[in-house]
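[1] Okay, predicted coordinates and the sequence, questions at the end:
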Amino acid sequence: MIKTITVKTSHDRESLYRILSDPQFVLPRLFPPIKNVQESGESFDADGRFLAMKFNMHGNALRGSEIVYVFYLSAGGGKGQGRLTMQLMEGEINLRFQYEGWMQRVSGTFFMDKWFSNFADQLDESVRMERIKRKI
């Protein structure tokens, strides 16, 4: 499964880079079933429940010219792996999500389209609030 979206933003690249590099900010907003994210250096662990099934996501946040979240997802014997890439441009963010595994059959395009659309619609305001909170 590959999903791409471009999100318009009014925030500067430096502020976006700091905030979107934080898995505790990005993951629950992009994937609403995620309820808990813990970070340790560049690694993260997240868990939640989707359609009554508990799942765990483990991965790394790689910060370079792009922000890349590489992860493994497991739930009840099902496994998968994916990659979320964010390219920050002036005035917009290009997101590319690639995934292969059990969630592909379960979430399909309906949930993913809705989650990405909501993320795009709410991102500018969420970043604004986060900038206030972090005093950026």
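    Yep, it's here. Numbering: from 1, shown residues only.
[2] pLDDT on the longest helix along the chain, on average?
    Counting by DSSP state H, the longest helix found in the chain is helix 102-134. Mean per-residue pLDDT for helix 102-134: 82.
[3] who's in contact with the nearest residue to Gln122 once chain neighbours are set aside?
    Distances taken as C-beta to C-beta, 6 or more residues apart in numbering place Arg29 nearest to Gln122, at 7.2 Å, with adjacent residues excluded. Where C-beta positions appear, they are placed from N, C-alpha and C, glycine not excepted. By C-beta atoms under 8 Å, 6 or more residues apart in numbering, the residues touching Arg29 are Phe119, Gln122, Leu123, Ser126.
[4] Off-centre distance for stretch 67-78?
    In terms of C-alpha atoms, centre = their mean, to the nearest Å, the centre of stretch 67-78 is set 12 Å apart from its chain centre.
[5] swap that for stretch 29-36, please
    Computed by C-alpha atoms, centre = their mean, the chain-centroid distance of stretch 29-36 equals 8 Å.
[6] got the buried residues for that stretch?
    Within stretch 29-36, the residues that count as buried by 16 or more other C-beta atoms under 10 Å are Arg29, Leu30, Phe31, Pro33, Ile34.
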